[in-house]
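[1] Provide a 3D model corresponding to the input given below.
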Amino acid sequence: MAKFRPVSEADRDEVSRWIEADPGHAGKMTADFFLNPGKFHSLFAVSDEDGTVMFIRLEAEGNRRMRAHIQFGPDRKRIIRTFREGWPQVAEDAKARGFYNIIFDSCSGALVKWMIQEFKFRAELECIL
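    Numbering: from 1, shown residues only. Here you go, the predicted model:
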C-alpha cells in the first residue's frame, strides 16, 4: 500500500544517492530540491512496506496546471506498484484543489511510454534551438 509522508532532513542521504544515480537528474539538482519547503510547491515521500520508493515535488504553474518532479528509487517493481496505488490519490487531490493538468518531463523513454499507457498522459514534443 502506498503511504505518503512529509520529507525531512533525515531523507537527505537517500535522495542524494538517488539523484546521483539518475542520469536525468545527476548534476542538475541537489537534495534541497526535494527537501526545502516553499510557498508554491508541496514535497512528500511515497513509501511501501519496505521503505521509501520515491520523492515528489508538486508545483503550481499558473492556477490550473501542476508540474510533478519525481525522484525514483532504484527498484522498478516497487516503483510500478507504488505508483499505481498512489497516483490516483495525487490526481484526486490536485483535482480537488482546482488543477486540470499534471505535467512532468522525463529523459526516460520507457517511463514516458508507461505513463502514456498506464495513466493516459499525452507526450509533448519540444524543440530546443
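[2] neighbours around Val46, how many?
    Counted by other Cβ atoms under 10 Å, the residues lying close to Val46 total 24. Heads up, the C-betas are built off the backbone N, CA and C, glycines and all.
[3] Any idea what it is bridged to?
    Phe4, Met54 (DSSP bridges).
[4] ok now do it, which residues does it touch?
    2-4, 52-56, 82, 86 (Cβ atoms under 8 Å, 6 or more residues apart in numbering).
[5] now for the helix or strand containing Lys113, which elements pack on it?
    According to DSSP states H and E, Lys113 maps onto helix 109-119. Packing partners of helix 109-119 (3 or more Cβ pairs under 8 Å, 6 or more residues apart in numbering; DSSP states H and E): helix 76-96.
[6] who touches the helix it packs on?
    Counting by Cβ under 8 Å, 6+ apart, 1-2, 4, 46-48, 50, 53-54, 56, 58, 66, 68, 72-73, 102, 114, 118-119 sit against helix 76-96.
[7] can we see that at 10 Å?
    For helix 76-96, contacts defined as Cβ atoms under 10 Å, 6 or more residues apart in numbering pick out 1-4, 42, 44, 46-54, 56, 58, 60, 65-66, 68, 70, 72-73, 75, 99-102, 110-111, 114-115, 118-119.
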